[in-house]
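# Here you go, sequence then predicted model.
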Amino acid sequence: MSATLVDTEIMEFQKELDARGLNCPLPILKAKKALAELQSGEVLRIMATDPGSVRDFQAFAKQTGNALLSHAQYGTEFVFLMQRK
């Protein structure tokens, strides 16, 4: 199990997905597959570089019911935490 710093609190996650360098729709497709491997309530950390991924993951969360717990931008990288429903 790993942890990352989000909004000054430690957020644990069970799986990490490196989608850096991939463009839409690959980050979403890979996240969908990774979430399917998690149990309900577990958290997936996704790292991406596609600027459209912020909008894409917000829409993906609404469509699937999985919770987008947080997203942050660090330079050209985006980090998302999604919890499987």
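All right, it came through fine.

# contacts, neighbours, all on C-alpha from now
Noted.

# how much space between the nearest residue to residue 20 once chain neighbours are set aside and residue 40?
In this structure, residue 20 finds its nearest non-sequential neighbour in residue 48, 4.2 Å apart by Cα to Cα, 6 or more residues apart in numbering. Going from residue 48 to residue 40 by Cα to Cα, to the nearest Å gives 23 Å.

# picking up where we left off before, thinking the residue nearest to residue 20 is in contact with residue 26, fair?
No - with contacts counted by Cα atoms under 8 Å, residue 48 stays clear of residue 26, the gap being 10.1 Å.

# Need the residues touching each of these two.
Common contacts of residue 48 and residue 26, defined by Cα atoms under 8 Å, 6 or more residues apart in numbering, comprise residue 19.

# More neighbours: which of those two?
Neighbours around residue 48 and residue 26, counted as other Cα atoms under 10 Å, are more numerous at residue 48. The numbers are 22 against 14.

# Contacts only, for that one.
The neighbours of residue 48, taking Cα under 8 Å, 6+ apart as the test, are 18-22, 27, 77-79.

# so where is the protein shaky, pLDDT-wise?
Along the chain, the parts satisfying pLDDT under 70 run over 1-10.

# residue boundaries of the strands in the chain?
Secondary structure of the chain by DSSP state E: the strands cover 2-6, 9-13, 15-19, 43-48, 67-74, 77-83.

# Pipe these into CSV and attach distance to residue 58 per row.
Shown next, in CSV, are the strands of the chain (distance: least, Cα to Cα, whole Å):
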stretch, distance to residue 58
strand 2-6, 18
strand 9-13, 19
strand 15-19, 16
strand 43-48, 13
strand 67-74, 7
strand 77-83, 10
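
# Pick the most buried one from the ones you listed.
strand 43-48 (a mean of 24; mean count of other Cα atoms under 10 Å).

# Pairing partners for that one, with directions?
Paired with strand 43-48 in the same sheet, following DSSP bridges, are strand 15-19 (parallel), strand 77-83 (antiparallel).
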